[in-house]
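>>> Got a predicted model here, sequence first, then my questions.
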Amino acid sequence: MRTALLLPALAALLVASIAARANEADAYGLGSRAAALGGAVAADATDFSGNYYNPAALVGAPGVSLSIGYIHVENHLRIDDRDNAVAPAHGLVGGLVAPGKLFGVPFAFGIGTYLPDAGLSRIKALRQETPRWALYDERASIVFLAANLAVRPLPWLDLGGGVAFLAATKGRFAISGTADVLHPYDSQLRHEVDADLTSIRYPLIGARIKIGELGYLGLVYRGETKIKLSIDANLLGNVDFAGVQIPLLYNLASRTVDAFLPQQVVLGASFQKIAHLRVNFDLTFVNWAAYESPTALTNAHLALDLPPGTTLIKLPADPKPTLVLAPRFENRFVPRLGVEYTLPLAGAVRRVHEEDHRLFEIPLRAGYVFERSPVPPQVGVTNFVDADRHTLSLGTGLVVNAPFAEMPGHIALDVHGQLSVLPERVTHKDNAADFVGDYRASGTMLGLGSTLSAVF
Amino acid sequence: MPSRSPSRLLAFGLAAIGALASAPAQASPEDVLGFGPRSIAMGATGAADSEGYESVYGNPALLSTARSRQLSLGFVGAVFDLHAKEKIDAGPLHGSVIGATLPIPFGGVLKDRIAIGLGFFAPTDLVVRGRILYPEKAQMPLADRVQSVAVQAGIGIDFGHGIRAGGGFAALAALSGSVLVATDASGRIGTVVEDTLVASYGPIFGLSYDLGDAWRIGATFRGALIGRFNVVITVKDLGDLTVPPLNISGIAQYDPWQIALELARVKAPWRFAAGATFKRWSAYPGLSEATVRCPLLDPDTGEQLTDSCSALVPDKPDYSDIVAAHAGVERAFEPLRGVSMRARAGVFFEPSPAPSQTKLANVYDNARGAISAGYGLALGPPFPALDLDLFSQLQWLLPREHVKEAAVPATNAGAPRATVAGLLASFGMSVGARF
């Protein structure tokens, strides 16, 4: 009989495994330079980070570039002063940009990725009543992989686009045989699975316009993605209780929509009029209002042919249908500000990428982001926990220009630190008898990262 | 190419290969079909004669022959017609290909020495298929093995003196997770589910040596690539009765480690290649794993298990190592300046590693013979720098009869005997731009 109880759990696993929400690039930045600038690089991402921030900017790469780095973010998110053990985010970042000319038109191809080193995705399945940090719990535990193309049809116009990939899981499973409840390791059970890891693609499109000597404007669209899922399962077998074989049948059907990633539109500007200085500002519209609840709709039925007079085995009742409440998230605008000053440090002047540079240069970077919470007050049954987020970032590095004959371009080592503060937000429940009750939520996040790039 | 500071090149090359090889690795459609339109058209050869992004699978060392950046986009499709006593359902394969080669523009002694490559095949809506059916069902895993993403990257280095080496990896997705079933504070059954999608990797190493300007030998090692899923269900706090941990696990995708050796004539207009690939199928653990496993220690007490344990254990597949033979030919024509056309053909034969299905199981596999053909068009100045490649391949699954032992019930899907045969037809194309 207990075996039957496992089927909802298995269904929950398969449902849960599609619950991709957002990605590391969105939450913590892709690459040290972009992260240090608060992600305000929609008009200024000519390295591999352009694969997320603005594919059009890839065509502005000065040469072939290869990048690899690492990021680690510690989350200290609390409810009622208790740390909620929101998992840290850590993994490899990297990518490449290959510019050239195609039919005489400047052209570039790029790949960018974040590979969480705890797995490509990590998901927990929770009931809608369970308090969880909806935007951050497991948020950065999803692989990010994007491939883009970019062209420069006019000297002042860059256009680019591509797709990003996620992976989801769906399937069917069955357990059959005899479960021995007195000698469990004598159970004669076996299983069958027909599961697919499915691919999800969502679009990234960008444009970048050169505004004379002032700098660039950038416009980016990132598509929404979600999955409709159906799971069917069954158990057909016997329960062996002291030699009594009791036929058992269990059927389960689950339907859900998940893996929601909101569509976004970014307008960015990069002021580059002053030598060695870049001042960037991005404003992002995030369509959180389209967020759909990840709660699964499940129907299950258990049938057990009990002999008359049997009292030792109690059947669990069929679960009641879940009433999924609309999360009613709100759209938001996210402002981002970044400043970069490149300090010519030492060494002879060298001609690199058709510009004069000192052998050693040090970039100094700072950024700020404000993200208003899209989650409405959780006065009812649901407990999507969130708070406004202020993020301050700093970064620096070392650029070595044409250090030897084999390296005609430059090598750059960038590092960054990032501190996010989520001020306290108090939730008051309408129902004084609410199972969870009122609570306070707040937290901090601390991130560190580094990226090594070679640009030829 | 003249030699330049070989020791410095060697040090750099080994470091680069080591860096890549220590990272992740590979998938299955290329093991069944080959990888890339040129390679497939030439009988799935490539260890001594692969070109462009196809070298990430064929032989990463040959990436170093690339002299221009190239991006290729393509399509691959395949259909199956498989029969045992009844038709075996096998959905078609259709997916997209992205390939790129990127010579690293070093200067000095490293000029034109090093290139990286990427090869990516993605079924239209799948990352990987994990179908593990009860073994008595009539099935042919070959059809599912092609339903997988192939993600490959590599680096090739030209050391001079005709010596090239390369390394890379292929990656595959796998699933790992746990489910805890227990009573909550209210006495109701609750579950805690944790699920992790993980990457599985297999290394690829290659070496090649030019024998003059017309001939080349090549060797490629590909590590085993295993897509395993493993979800452990643990049940606790359900009164006096205990349920053992249940393992919903098995091997969804499997490529054995293999070594390909090949000799090729690489000088136009006639190019050809012939070789053999050893595949270590005897290490194959089989599709399914035991649902209930006998632990050494009792998970609850941590002491030696005293309860009896006679849980079901799946039969071992008893696969055997095999050697596959491949051969291909290519004829180049240059009717106009800047126009190169190539006609290609190839054959291969791959024995089946699977034993005859004489017991309850009906997990079929057949020896395969294949013929293939293809066409390539490469444009250069004064035309745009574009490449077009087409291929088609037909594989025969040679008829094989499986006779059941007398103890097998007559209701078994393969009883008393079943003859298994089939066809696999694949086709595809790619368009590449050099920039």
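All right, it came through fine.
>>> Can you show me the helices along chain A?
Listed in chain order, the helices of chain A (DSSP state H) span residues A:2-16, A:24-28, A:32-36, A:50-53.
>>> what's the answer for chain B, then?
Secondary structure of chain B, counting by DSSP H: helices at B:6-21, B:29-33, B:37-41, B:55-58, B:142-145.
>>> Worst mean pLDDT among the ones you listed?
Note on the helices of chain B: lowest mean pLDDT is at helix B:6-21, with a mean of 42.
>>> Near chain A, which residues of the stretch 1-150 of chain B are found?
Residues of the stretch 1-150 of chain B lying close to chain A (Cβ under 8 Å from any Cβ of the partner chain) are B:69, B:71, B:98, B:100, B:102, B:104-111, B:116, B:118, B:120, B:122-123, B:125-134, B:147, B:149. Where C-beta positions appear, they are placed from N, C-alpha and C, glycine not excepted.
>>> 6 Å - rerun?
Residues of the stretch 1-150 of chain B that fall close to chain A, judged by Cβ under 6 Å from any Cβ of the partner chain: B:69, B:71, B:102, B:105-108, B:110, B:125-134.
>>> I'd like to know which of those residues are buried.
B:69, B:71, B:102, B:105-106, B:110, B:126-134 (16 or more other Cβ atoms under 10 Å in any protein chain shown).
>>> where does the stretch 251-400 of chain B dip in pLDDT?
Applying pLDDT under 70 to the stretch 251-400 of chain B flags the ranges B:299-300.
>>> what does it put close to chain A?
Proximity of the stretch 251-400 of chain B to chain A, by Cβ under 6 Å from any Cβ, involves residues B:291, B:292, B:294, B:307, B:308, B:309, B:310, B:311, B:312, B:384.
>>> Quick check on these: which are buried?
Using 16+ other Cβ under 10 Å, the buried ones in those are B:291, B:292, B:309, B:311.
>>> Can you pick out the most distant pair from those?
Among these, the pair separated by the greatest distance (Cβ to Cβ) is B:291 and B:309, at 12.9 Å.
>>> per-residue pLDDT, the nearest residue to residue B:419 once chain neighbours are set aside?
In space, and not counting its chain neighbours, residue B:419 is closest to residue B:401: 4.8 Å by Cβ to Cβ, 6 or more residues apart in numbering or on different chains. pLDDT, residue B:401: 96.
>>> Surely residue B:401 touches residue B:421?
No - using Cβ atoms under 6 Å, residue B:401 is not in contact with residue B:421, being 9.6 Å away.
>>> between those two, who's got more neighbours?
Higher neighbour count among residue B:401 and residue B:421: residue B:421, with 16 against 10, using other Cβ atoms under 10 Å in any protein chain shown.
>>> who's in contact with that one?
Residues in contact with residue B:421, defined by Cβ atoms under 6 Å, 6 or more residues apart in numbering or on different chains, are B:83, B:397, B:399.
>>> just curious, which of these is nearest to residue A:270?
Once Cβ to Cβ is applied, the member of those that ends up nearest residue A:270 is residue B:397, at 59.0 Å.
>>> Show me the beta-bridge partners of the closest one.
On the basis of DSSP bridges, residue B:397 is bridged to residue B:368, residue B:422.
>>> still on that earlier bit, with neighbour count added, can I get the contacts of residue B:421 in a markdown table?
Converted to a markdown table, the contacts of residue B:421 look like this (neighbours: other Cβ atoms under 10 Å in any protein chain shown):
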| residue | neighbour count |
| --- | --- |
| B:83 | 18 |
| B:397 | 23 |
| B:399 | 12 |
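>>> Much appreciated, bye for now.
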